[in-house]
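Colleague: below: sequence and its predicted model.
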Amino acid sequence: MRKMRLVFGVCLILSLCLAGAASADVRIKDIADVEGVRENQLVGYGLVVGLNGTGDKLNNNVFTRESLIGMLERLGVNTRDQVAALSTKNVAAVMVTAELPAFARSGSRIDIAVSALGDATNLTGGTLLVTPLLAADGEVYAVGQGALSTGAIAARGAASSVTRGVPTSGRISNGATVEKEIPFRLDKGGGLRLGLRNPDLTTAQRISAVINRALGHVARTTDPRTVQLDLSNRDPIETLGIIENLRVEPDNAAIVIIDEASGTIVMGANVRISTVAIAQGNLTIKVTETPEVSQPGTFLTGRTETVPRTSIQVDDQHDRKLGILNTGVTLRDLVASLNALGVGPRDLISILQSIKAAGALQADLQVR
């Protein structure tokens, strides 16, 4: 029975180790993109109508007034001779942005974001009028229109107001229709390239090795970001479908990121420490005043007085020890050693900066 338990325990440990090793592998599609397959930014200028008195003040926003006059003229209404009579507060000038996905076809729908441009205070309940969306080349690729949804709450009274969220910014789900496609064909190019989202030479070489083992010699690393693919004798679509599901273990640089504002510290698994001794502690003097009231025995003699009581505590943190971290200390050892010293996040930031200054931190220290 004991031997069976021993065998079972060994098998369990091996299975956990193998599971841990397998969990470090990720799909190529999660760390790299096919160059040319990307989104394109679209932007447009439009008008939102139907606001409940929370739109732009036409006297303060010339662009809103002129846009409103121009829109009415296109609809056959002439108001240029009566500009002074335009005093509506139900219209707001907005900027409209969207992301045109790769391979978006004419007639497909995309989401758009709408943001106030003038002094409008709330876009809730408004409707965006037809707005052309342009790309960097100046061409119109989509047209947006629809009812806005801000998800914000704004209430105002005579003496106070409450605002939750951002009422001057909203979204329209499926609010734009794609009018023009971006020509790009994967099956027309034999030479495609994979671009790593986090450039690293070791990871790029591992991707090339995994692809070559699975498909033959079709991949070649050209730089830390790029893996060149030669698919001239293969079906690009089918081959990319195989490649994106291959698994590889990415390599990470040794980086320590410190956010002093929030006291957040993030360290990579490859962070190493050379031999260094650490002592942390300061002299703290705490003075506490707790006055007491002295009451006489009877009301005939004596008087009530306040007697001061002062307590002084001196903490030299004598229980803090000098810790020694040996060469090649891992991230886990570093955290365990500093926690044993009773070091908090704020003190840990100073210690890491001092270790880096001493040349013992074998990692890139980034303070934000």
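Modeller: The structure has been received and is ready for your questions.

Colleague: now the strands: where do they sit in the stretch 101-250 of the chain?
Modeller: 109-116, 127-134, 140-147, 153-156, 161-164, 169-178, 191-196, 219-223, 226-230, 247-248 (DSSP state E, counting those that start in this stretch).

Colleague: need those strands in a markdown table with mean neighbour count and distance to residue 57, can you?
Modeller: (Each C-beta comes from the backbone N, C-alpha and C, glycine too.) Shown next, in a markdown table, are the strands of the stretch 101-250 of the chain (neighbours: other Cβ atoms under 10 Å; distance: least, Cβ to Cβ, whole Å):
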| stretch | mean neighbour count | distance to residue 57 |
| --- | --- | --- |
| strand 109-116 | 20 | 12 |
| strand 127-134 | 19 | 19 |
| strand 140-147 | 19 | 23 |
| strand 153-156 | 12 | 16 |
| strand 161-164 | 10 | 18 |
| strand 169-178 | 19 | 19 |
| strand 191-196 | 18 | 48 |
| strand 219-223 | 16 | 54 |
| strand 226-230 | 19 | 52 |
| strand 247-248 | 17 | 58 |
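
Colleague: reformat these as CSV; add mean pLDDT and distance to residue 255.
Modeller: Listed next are those as CSV, based on pLDDT from 0 to 100; distance: least, Cβ to Cβ, whole Å:
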stretch, mean pLDDT, distance to residue 255
strand 109-116, 95, 32
strand 127-134, 95, 38
strand 140-147, 95, 38
strand 153-156, 71, 41
strand 161-164, 74, 37
strand 169-178, 94, 34
strand 191-196, 88, 16
strand 219-223, 92, 20
strand 226-230, 91, 22
strand 247-248, 94, 20
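
Colleague: including distance to residue 359, could those strands go into JSON lines?
Modeller: Output for the strands of the stretch 101-250 of the chain, formatted as JSON lines (distance: least, Cβ to Cβ, whole Å):
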{"stretch": "strand 109-116", "distance to residue 359": "48"}
{"stretch": "strand 127-134", "distance to residue 359": "53"}
{"stretch": "strand 140-147", "distance to residue 359": "54"}
{"stretch": "strand 153-156", "distance to residue 359": "54"}
{"stretch": "strand 161-164", "distance to residue 359": "50"}
{"stretch": "strand 169-178", "distance to residue 359": "48"}
{"stretch": "strand 191-196", "distance to residue 359": "30"}
{"stretch": "strand 219-223", "distance to residue 359": "30"}
{"stretch": "strand 226-230", "distance to residue 359": "34"}
{"stretch": "strand 247-248", "distance to residue 359": "33"}
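
Colleague: closest to residue 25 out of those strands?
Modeller: Nearest to residue 25, of all the strands of the stretch 101-250 of the chain, is strand 247-248, at 4.0 Å by Cβ to Cβ.

Colleague: the next helix or strand after the closest one pairs with which strands?
Modeller: Proceeding N to C from strand 247-248, the next assigned helix or strand is strand 255-259, under DSSP states H and E. Strand pairing for strand 255-259, determined by DSSP bridges: strand 264-267 (antiparallel), strand 364-367 (parallel).

Colleague: got the contact list for strand 255-259?
Modeller: 264-268, 271, 349, 352-353, 356, 361, 363-368 (Cβ atoms under 8 Å, 6 or more residues apart in numbering).

Colleague: please work out the average pLDDT along it.
Modeller: Averaging pLDDT along strand 255-259 gives 82.

Colleague: returning to that earlier point: between the strands paired with strand 255-259, which gets the lowest average pLDDT?
Modeller: Of all those, strand 264-267 carries the lowest average pLDDT, namely a mean of 78.

Colleague: now the strands paired with strand 255-259 as CSV including mean neighbour count and distance to residue 255?
Modeller: What follows is the strands paired with strand 255-259, written out as CSV (neighbours: other Cβ under 10 Å; distance: least, Cβ to Cβ, whole Å):
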stretch, mean neighbour count, distance to residue 255
strand 264-267, 14, 8
strand 364-367, 13, 5
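
Colleague: pLDDT weak spots in this protein?
Modeller: Low-confidence segments of the chain, defined by pLDDT under 70, are located at 1-24, 83-85, 156-160, 187-190, 276-304, 306-344.

Colleague: hang on, the earlier thing: would you mind putting the strands paired with strand 255-259 into a markdown table with distance to residue 81 alongside?
Modeller: Output for these, formatted as a markdown table (distance: least, Cβ to Cβ, whole Å):
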| stretch | distance to residue 81 |
| --- | --- |
| strand 264-267 | 61 |
| strand 364-367 | 62 |
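
Colleague: who's in contact with the closest residue to residue 181 other than its chain neighbours?
Modeller: Counting by Cβ to Cβ, 6 or more residues apart in numbering, residue 181 lies nearest to residue 106, which is 5.5 Å off, once chain neighbours are set aside. For residue 106, the contacting residues are 178-181, by Cβ under 8 Å, 6+ apart.

Colleague: filter these to the buried ones?
Modeller: Neighbour counting over these (16 or more other Cβ atoms under 10 Å) leaves residue 178 as the buried ones.
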